[in-house]
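Colleague: this one's sequence-less:
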């Protein structure tokens, strides 16, 4: 059995899986990142692993985590201090292998979510896949033949910094940007609206909310077009909270892409919406662990 951990700024998701990705148990705890920082997260994960070991024969630890990761060394190269204070430099692999005497692997959370969808989700059967998570910012990961493309500085797929007409993708195609547009149009204070409220307004016929979503989809389509032109993946997988609204988003995005991609490319590129939800990161962490330890 394998302990799988997915560390985010808000929650730590955890579980115990067999090698086929079947969960024997899973749960979630608050990260409390601002209160405890990196050291607090380490203690939470250690406690979760100790509990798991009391009930299961754990033969490996697979970690998905926020931040820039050195997957070979199993360390956090960089984490935004405002997201998780004092997390940069955390040596997960060294710490956990010393304490639990089993192999430990560590990979970036967006990369793991992409691997989870590739293995057990919306990307099954595709040789190449580019996954994007639309949330507070915009994350990305490119998978080819089951492997993540990391890049020379471990930052391949950092599409939040991609320049689009009007600015960076982070500023134009994130949920944060969508919410901001709706608040500004309705003259509401910052923090008044969230993604759920935006789609409630859209369903109620709010023209400002519809226009804000159209702007986001146009920018997202610009970004997807750039990605497709460079790596030409078989499938684009979209995940993140607002991407559960597939029935609203799919027709708008597909129409925008139809006008941006040449017909042959448009017809060959499948647009998919993430299927594994909160489990994707843990499944991807396990997939990476099995491959890295020669058991995949």
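Modeller: Yep, it's here. Remember, it's a predicted structure, so these values are computed and weren't measured experimentally. Numbering: from 1, shown residues only.
Colleague: contacting residues for the residue nearest to residue 223 when sequence neighbours are not counted?
Modeller: Excluding its sequence neighbours, the residue lying closest to residue 223 (Cβ to Cβ, 6 or more residues apart in numbering) is residue 169, at 4.9 Å. Yep, even glycine has a C-beta here, placed from its N, CA and C like the rest. The contact partners of residue 169, by Cβ atoms under 8 Å, 6 or more residues apart in numbering, come to 138, 159-162, 219-220, 223.
Colleague: again, 10 Å this time
Modeller: Listed by Cβ atoms under 10 Å, 6 or more residues apart in numbering, the contact set of residue 169 reads 132, 134, 137-138, 140, 158-163, 177, 219-220, 222-223, 226.
Colleague: same check on residue 203?
Modeller: Contacts for residue 203 (Cβ under 10 Å, 6+ apart) come out as 209, 245, 248.
Colleague: now find how far off-centre the helix or strand containing the last one is within its chain.
Modeller: Counting by DSSP states H and E, the secondary-structure element that holds residue 248 is helix 246-258. Between the centre of helix 246-258 and the centre of its host chain there is 21 Å, according to Cα atoms, centre = their mean, to the nearest Å.
Colleague: residues of it that come out buried?
Modeller: Of the residues in helix 246-258, those buried under the neighbour-count criterion (16 or more other Cβ atoms under 10 Å) are 249, 252-253, 256-257.
Colleague: now swap in stretch 164-179 and tell me
Modeller: Quick answer for stretch 164-179 (16+ other Cβ under 10 Å): 164, 168-179.
Colleague: and for stretch 270-278?
Modeller: Using 16+ other Cβ under 10 Å as the test for burial, stretch 270-278 gives 271-276.
Colleague: identify the residues contacting the helix or strand where residue 69 lies?
Modeller: Secondary structure here is read from DSSP H and E; on that basis residue 69 sits in strand 68-70. Contacts of strand 68-70 with the rest of the structure, by Cβ under 10 Å, 6+ apart, involve 63, 75-80, 88, 90-93, 106-109, 111-112, 150, 153-155, 158.
Colleague: and with 7 Å instead?
Modeller: Strand 68-70 is contacted from outside by 76-78, 106-108, 154-155, using Cβ atoms under 7 Å, 6 or more residues apart in numbering.
Colleague: partner strands of the helix or strand just after it, parallel or antiparallel?
Modeller: Beyond strand 68-70 on the C-terminal side, the first helix or strand identified by DSSP H and E is strand 75-78. In the sheet containing strand 75-78, its partner strands are strand 68-70 (antiparallel), by DSSP bridges.
Colleague: give me the buried positions along the partner strand.
Modeller: By neighbour count on 16+ other Cβ under 10 Å, the buried set for strand 68-70 is 68-70.
Colleague: with pLDDT and distance to residue 48 as added columns, please give those in TSV.
Modeller: Formatted as TSV, the entries for these read as follows, by pLDDT from 0 to 100; distance: Cβ to Cβ, whole Å:
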residue	pLDDT	distance to residue 48
68	88	23
69	92	19
70	93	23
